[in-house]
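*Asks:* Provided below for reference: sequence and predicted model.
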Amino acid sequence: MNDMSSNQTIADGKKRYSAGVLKYAQMGYWEPDYTPKDTDVIALFRITPQDGVDAVEAAAAVAGESSTATWTVVWTDRLTACDKYRAKAYRVDPVPNSSGEYFAYIAYDLDLFEGGSIANLTASIIGNVFGFKPLKALRLEDMRLPVAYVKTFQGPATGIVVERERLNVYGRPLLGATVKPKLGLSGRNYGRVVYEALKGGLDFTKDDENINSQPFMHWRDRFLYCMEAVNRASAATGEVKGTYLNVTAGTMEQMYERANFAKELGSVIVMIDLVIGYTAIQSMAKWARDNDMILHLHRAGHSTYTRQRSHGVSFRVIAKWMRLAGVDHLHAGTVVGKLEGDPATTKGYYDIFREERNPMALENGIFFDQDWASLNKMMPVASGGIHAGQMHQLLTYLGEDVVLQFGGGTIGHPHGIQAGATANRVALEAMVFARNAGRDIWNEGEDILRDAAKTCTPLKQALDVWKDVSFNYASTDAPDFAPTPEVSM
Amino acid sequence: MKLRQGQFSFLPDLSDDDIRVQAQYAIDNGWAVSVEYSDDPHPRNTYWEMWGHPMFDNPDAAAVVFEVNECRKEHGGKYIRVIAFDASPGWESIRMSFIVNRPATEPGFRLVRQEGEGRVVRYTIESYATREPEGQRYA
């Protein structure tokens, strides 16, 4: 029997492959001297080993179970170039201020993955390993995707630049609203909300994630009434308008049918939900590229696995997968609204969406340099409990390339949906104007809004109604590293 | 009807000083500012007439205001917009666009519906002004 206290790889082939059980570290899944290759996929896991399980062995086990290993030694390994196919845990660090948790860095050879397939990537990286008994909890925090692998994906069908060119909207965030109530409106009533909001000044309206084809409103009816509304609003304002027609359905055939109908009607954008799965998302991204359609993704369901710090998959990883998969829009948090998101973590997400290259930024939860190899940029969507009175904060935190979605903040306006939309648009334009003019919008934001409201009654009404609304709760998912001069350089 | 294209069309009309301040923001970002005019406000009329080339090496927004006013002398009855081009990698497109001049009256757009099968409607948006030939609109 081998010495089970050692984490050393057993070099002697006869000992290594004799039938029985070895520690994963001894099988070769722990290589502290390993330097990852430029072409390796790297995953960073937060591991919480069961009591008494050594952190290095736990990391090696994660490497093993997410690549070639099984629980016992198999002689058939020797028929393969198994050193290459074994994932290698090469670094284990204790998580600052979190006893019992460790960051494990694991490198995977590129040949472990099929190009252009999120399903294949995730089947390895988050496959069996998350239910592995020696771990109390496991979270995939970040990934480094090598350029060679990034280039096997289409990337966003349209991208921020071309989306703006198609919409003829530059220099300011886009504005949207989700139609409310999310369930129960008939097609005719639904289109009314779309028309009012678009005419009032929004660029987009949006189906909610669970609006598909229900008894109260079947999909064709919704599409027809919505496109009447879109075109009426376009004629009323002289702007290109859009409404995210949700084509999510039970089968790919139905989704294609709905998407094709949206195209036939002249929609500029269609929408899908994250719950349709990675392969369906990639198929729709390809369809969108082939059909000049902007593709909006609603991240329905993500909080079931992204929100808890100790277990699941960080949203920054989901964001990276979705940029590869090829969606154009993805919800990414508001910082100030009703849904989870602290400023530093959210900045990390936005950078993943919008930058050509992400340098390591531990203070934003980004553990690796990531080069996006000219893949298009994704437009982040901020929605959930935001209103016109927060415009200076939204512009400061989220920048210019973002869709700001005010659902309640448009439809709940005391003087109607058009007034709500106008209030948001005026607040936005006034804030962008002031920022460009060199004003300190963070500190003078409220004055800027009050001044703009002097010539815009709907904005004044919006500011009066929502002036005290804010959502100040502690975040459940903040970065582990505070900014220090060394880190933020 | 007020044409709502551009990033500041919901604000009161911009003064020359407002135009200067916004153009200077573009210049300070390294973007080339350009003046364009049109008498076809259709939302998908991408190519307005260029009032000269983008001002690639101009450091002073006063020159932009000067060109806007020169353009107004000849095309004051039309739409004039200021746009800013960003040539940096990954963008190579427009970063700002705002209207600085409008016709005295804006008649708006007619929505033409062509009814098809299965309740499908084909929509066409047509500016009332563009029924007249180019150059004779907004007279």
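*Replies:* The structure has been received and is ready for your questions.
*Asks:* Now do B:Gly135, the pLDDT please.
*Replies:* pLDDT recorded at B:Gly135 is 86.
*Asks:* For it, which non-adjacent residue is spatially closest?
*Replies:* B:Asp39 (7.2 Å; CB to CB, 6 or more residues apart in numbering or on different chains). To be clear about C-beta, it is placed using only N, CA and C from the backbone, and glycine gets the same treatment.
*Asks:* right, and that neighbour touches B:Tyr128 too?
*Replies:* No: counting by CB atoms under 8 Å, B:Asp39 stays clear of B:Tyr128, with 11.9 Å between them.
*Asks:* got a list of what the residue nearest to B:Gly135 touches?
*Replies:* Contact analysis of B:Asp39 by CB atoms under 8 Å, 6 or more residues apart in numbering or on different chains lists B:Gly77, B:Lys78, B:Tyr79, B:Pro103, B:Ala129, B:Thr130, B:Glu134, B:Gly135, B:Arg137, B:Tyr138.
*Asks:* That one and B:Val33, how far apart?
*Replies:* Going from B:Asp39 to B:Val33 by CB to CB, to the nearest Å gives 22 Å.
*Asks:* what's the answer for A:Lys136, then?
*Replies:* For A:Lys136, the distance to B:Val33 equals 59 Å [CB to CB].
*Asks:* Please compare the two by neighbour count and tell me which comes out ahead.
*Replies:* A count of neighbours by other CB atoms under 10 Å in any protein chain shown puts B:Val33 above the other of A:Lys136 and B:Val33, at 25 against 16.
*Asks:* do you know how far the more buried one is from chain A?
*Replies:* 12 Å (CB to the nearest CB, to the nearest Å).
*Asks:* Please identify the residues of the stretch 251-400 of chain A in proximity to chain B?
*Replies:* A:Glu264, A:Leu265, A:Gly266, A:Glu356, A:Ser374, A:Lys377 (CB under 8 Å from any CB of the partner chain).
*Asks:* neighbour-wise, which of those residues leads?
*Replies:* Taking other CB under 10 Å as the neighbour criterion, A:Lys377 ranks highest of those with 24 neighbours.
*Asks:* Now the spatially closest residue to that residue that is not a sequence neighbour: which helix or strand?
*Replies:* Once flanking residues are discounted, A:Lys377 sits nearest to A:Ile160: 4.3 Å by CB to CB, 6+ apart. Take DSSP states H and E as the rule and A:Ile160 turns out to sit in helix A:159-167.
*Asks:* ditto for A:Leu404
*Replies:* Element membership for A:Leu404 (DSSP H and E) is strand A:403-405.
*Asks:* Does at least one residue of that strand sit close to chain B?
*Replies:* No: Strand A:403-405 does not reach chain B (CB under 8 Å from any CB); its nearest approach is 13.9 Å.
*Asks:* and that strand, what's its mean pLDDT?
*Replies:* Strand A:403-405 shows a mean pLDDT of 96.
*Asks:* if we look at it, which residues are touching it?
*Replies:* By CB under 8 Å, 6+ apart, strand A:403-405 touches A:173-178, A:203-204, A:206, A:329, A:379-384, A:386, A:394, A:398, A:424, A:428.
*Asks:* Keep only those of these that are in strands.
*Replies:* A:174-178, A:204, A:206, A:329, A:379-383 (DSSP state E).
*Asks:* Let me know the outermost residue of chain B.
*Replies:* B:Gly118 (37.7 Å; CA atoms, centre = their mean).
*Asks:* That one belongs to a helix, doesn't it?
*Replies:* Yes: applying DSSP: H, G, I helix; E, B strand; the rest coil, one finds B:Gly118 inside a helix.
*Asks:* related to what we said a few turns ago, distance of the residue nearest to B:Gly135 from B:Arg81?
*Replies:* To B:Arg81, B:Asp39 is 13 Å away according to CB to CB.
*Asks:* again, but for A:Ala89
*Replies:* From A:Ala89 to B:Arg81 the distance is 57 Å (CB to CB).
*Asks:* The two: which has the busier surroundings?
*Replies:* A:Ala89 (31 against 21).
*Asks:* Quick one: classify that one as helix, strand or coil.
*Replies:* Per three-state DSSP, A:Ala89 ends up strand.
*Asks:* ok, it touching A:Val56?
*Replies:* Yes: taking CB under 8 Å as the definition, A:Ala89 is a contact partner of A:Val56 at 7.5 Å.
*Asks:* if I look at those two, which residues touch both of them?
*Replies:* A:Trp30.
*Asks:* before we move on, the earlier item: which pLDDT does the model give the residue nearest to A:Lys377?
*Replies:* 98.
*Asks:* what's near enough to touch it?
*Replies:* A:Arg354, A:Asn376, A:Lys377, A:Met378, A:Met379, A:Asp401.
*Asks:* For B:Val35, identify the helix or strand it belongs to.
*Replies:* B:Val35 belongs to strand B:32-38, assigned by DSSP H and E.
*Asks:* all helices of chain B, in order?
*Replies:* Secondary structure of chain B (DSSP state H): helices at B:16-28, B:61-75.
*Asks:* Can the longest one be said to contact chain A?
*Replies:* No: judged by CB under 8 Å from any CB, helix B:61-75 and chain A are separated, with a smallest distance of 11.3 Å.
*Asks:* Run through the stretch 251-400 of chain A and note the low-pLDDT ranges.
*Replies:* A:338-340 (pLDDT under 70).
*Asks:* From B:Ser93, how far out is the residue of it found nearest chain B?
*Replies:* Sorted by distance to chain B under CB to the nearest CB, the residues of the stretch 251-400 of chain A start with A:Glu356, at 4.8 Å. Noted for A:Glu356: a distance of 14 Å to B:Ser93, by CB to CB.
*Asks:* need the contact list for A:Trp219.
*Replies:* A:Asn212, A:Ser213, A:Val247, A:Ala249, A:Arg258, A:Phe261.
*Asks:* What is the neighbour count of the residue in the stretch 1-150 of chain A that chain B sits nearest to?
*Replies:* Nearest residue of the stretch 1-150 of chain A to chain B: A:Val150, at 14.6 Å (CB to the nearest CB). Per other CB under 10 Å, the neighbour tally for A:Val150 reads 18.
*Asks:* Right, I'll call it a day here.
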